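Q: with the sequence up front, the predicted model follows.
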Amino acid sequence: MLTVERKERILALLRDQEVVKIQDIAVETGASESTIRRDLTELEQGNKLKRIHGGATLLQKKREELTVAEKTVKNRQEKQRIAKLAASFVEAGDCIFLDAGTTTFEMVPFLKEKDVVVVTNGLMNIERLLEAGIETHVIGGYVKAGTRAFVGRSAIENLETFRFDCAFLGTNGITAEDGCTTPDPDEAYIKANVAKRARRSYVMADHTKFGEVTFSKFADIADVTLVSSSYLPSEQTDHFRRLAAKTTIEVVENDLHGDAEPSR
């Protein structure tokens, strides 16, 4: 099979399955795994796909966003460890902002004994915060069906009355060049305004967010601290080093290779 035919077959498999493993491509094309890795690298450089650990996935569209239900089942162990690390930066008595999102949601159990006040725009966060006995304020606004996030004019107006010791924000993409991005401009506006009102801003991201760019930028990476995991595919390490040169990155010490679920 010619190189161009093999690459077209790889892209066809991705269109059909969304995620494919290197071993499956090798079986399908009859090529060696080293050849497939080279093909994937070249296709990624041509913005045709995204490399992930052990395979490849379709590129995320700039405005496309998974629902909360879809996000919740992805990489949950990794998100929990990131959440635990992020919570370690909270001091007793802090006033914090907790963004809508599945990684920030995982922080709540680690805040129980902190005696904190939380402001949130995450509908999912409210019940969990109250169950944990944490004083909770909601910024209001209208609720997005997909992400369960409060956004809009009234959300921004209410947000202007608060100031935070630290803010914990989710993201859909991080690159050295484009910073932190999210598909929805309304959510990006909330995140950017929160960051302006916080002494310290942390952006929490599992390994799938690195190298992704979505529609709306909300922060330069030099202006935030990234909280992530050590589970980064080898093909992303150069990108990770470029990020590290521009900002502070806090990394979960545990090696997640053994128990983190690969992205699907």
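A: Good, I have the coordinates.

Q: how about low-confidence regions in the chain?
A: Along the chain, segments meeting pLDDT under 70 span 60-75, 230-241, 253-264.

Q: give me phi/psi at the most centrally placed residue in it?
A: Centroid check for the chain by CA atoms, centre = their mean gives A205 as the closest residue, at 3.8 Å. Dihedral pair for A205: phi -150, psi 130, per degrees, to the nearest 10.

Q: how about the helices in this protein?
A: With helices called from DSSP state H, the chain shows them at 3-17, 22-29, 33-45, 68-72, 76-87, 102-105, 123-131, 153-159, 185-196, 237-244.

Q: reformat those helices as TSV; add mean neighbour count.
A: In short, each C-beta sits where N, CA and C put it, glycine included. Converted to TSV, the helices of the chain look like this (neighbours: other CB atoms under 10 Å):
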stretch	mean neighbour count
helix 3-17	14
helix 22-29	16
helix 33-45	15
helix 68-72	15
helix 76-87	21
helix 102-105	25
helix 123-131	17
helix 153-159	16
helix 185-196	21
helix 237-244	15
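
Q: could those be laid out in a markdown table, adding distance to L58?
A: Shown next, in a markdown table, are the helices of the chain (distance: least, CB to CB, whole Å):
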| stretch | distance to L58 |
| --- | --- |
| helix 3-17 | 5 |
| helix 22-29 | 14 |
| helix 33-45 | 11 |
| helix 68-72 | 15 |
| helix 76-87 | 21 |
| helix 102-105 | 21 |
| helix 123-131 | 27 |
| helix 153-159 | 32 |
| helix 185-196 | 22 |
| helix 237-244 | 19 |
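
Q: what about the ones you listed, which gets the closest to V143?
A: helix 123-131 (5.5 Å; CB to CB).

Q: now the closest one, how far from the centre of its chain.
A: Relative to its chain's centre, helix 123-131 lies at 20 Å (CA atoms, centre = their mean, to the nearest Å).

Q: would you map out the domains in this protein?
A: What automatic domain parsing lists as the domains of the chain is 3-57, 68-251.

Q: I'd say the residue nearest to the centre of the chain and T225 touch.
A: No: applying CB atoms under 8 Å, one finds A205 not in contact with T225, separated by 11.2 Å.

Q: quick revisit: of all the helices of the chain, which one comes closest to G140?
A: Among the helices of the chain, if distance is taken as CB to CB, the winner is helix 153-159, at 5.0 Å.
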